[in-house]
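Chemist: return atomic coordinates for the entry below.
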Amino acid sequence: MMPFKKGDRVKLSDRYARVLSKARGNPRNWVGRQGSVFDCNRDHVSIVWDGRKSIDNVPHKGVEKLECTE
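Modeler: Model prediction:
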């Protein structure tokens with residue numbers, strides 16, 4: 001069973017966001033970035049970030065599911 005389903009709201013884990021910012025060498029703040037799951041397989045999660053059209057593939061360990069506040 002996959003830990004994420006299409007449409008789930010997710011964010012990058014703090015640790016992965018810091019590593020990603022440093023590895024890409026850009027000042028973009030990845031901490032706090034949120035998006036929706038587009039697809040999920042055993043290796044990674046495909047995420048569409050809020051305010052963007054592109055899809056990023058992120059390892060399962062680098063993603064946290066957001067809690068519903070409804």
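Chemist: please pull out the lowest mean pLDDT helix or strand from the chain.
Modeler: Sorting the helices and strands of the chain by mean pLDDT, DSSP states H and E puts helix 14-24 at the bottom, at a mean of 81.
Chemist: in it, which residues are buried?
Modeler: Neighbour counts over helix 14-24 (16 or more other CB atoms under 10 Å) mark Y16, A17, L20, S21 as buried. To be clear about C-beta, it is placed using only N, CA and C from the backbone, and glycine gets the same treatment.
Chemist: would you map the strands across this protein?
Modeler: Secondary structure of the chain (DSSP state E): strands at 9-12, 34-40, 44-49, 55-59, 63-65.
Chemist: would you turn those strands into CSV with mean pLDDT?
Modeler: Supplementary listing: the strands of the chain in CSV, determined by pLDDT from 0 to 100:
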stretch, mean pLDDT
strand 9-12, 93
strand 34-40, 94
strand 44-49, 94
strand 55-59, 92
strand 63-65, 93
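Chemist: output those strands as JSON lines; include the columns mean neighbour count and distance to P3.
Modeler: Output for those, formatted as JSON lines (neighbours: other CB atoms under 10 Å; distance: least, CB to CB, whole Å):
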{"stretch": "strand 9-12", "mean neighbour count": "20", "distance to P3": "10"}
{"stretch": "strand 34-40", "mean neighbour count": "17", "distance to P3": "8"}
{"stretch": "strand 44-49", "mean neighbour count": "19", "distance to P3": "8"}
{"stretch": "strand 55-59", "mean neighbour count": "14", "distance to P3": "12"}
{"stretch": "strand 63-65", "mean neighbour count": "15", "distance to P3": "8"}
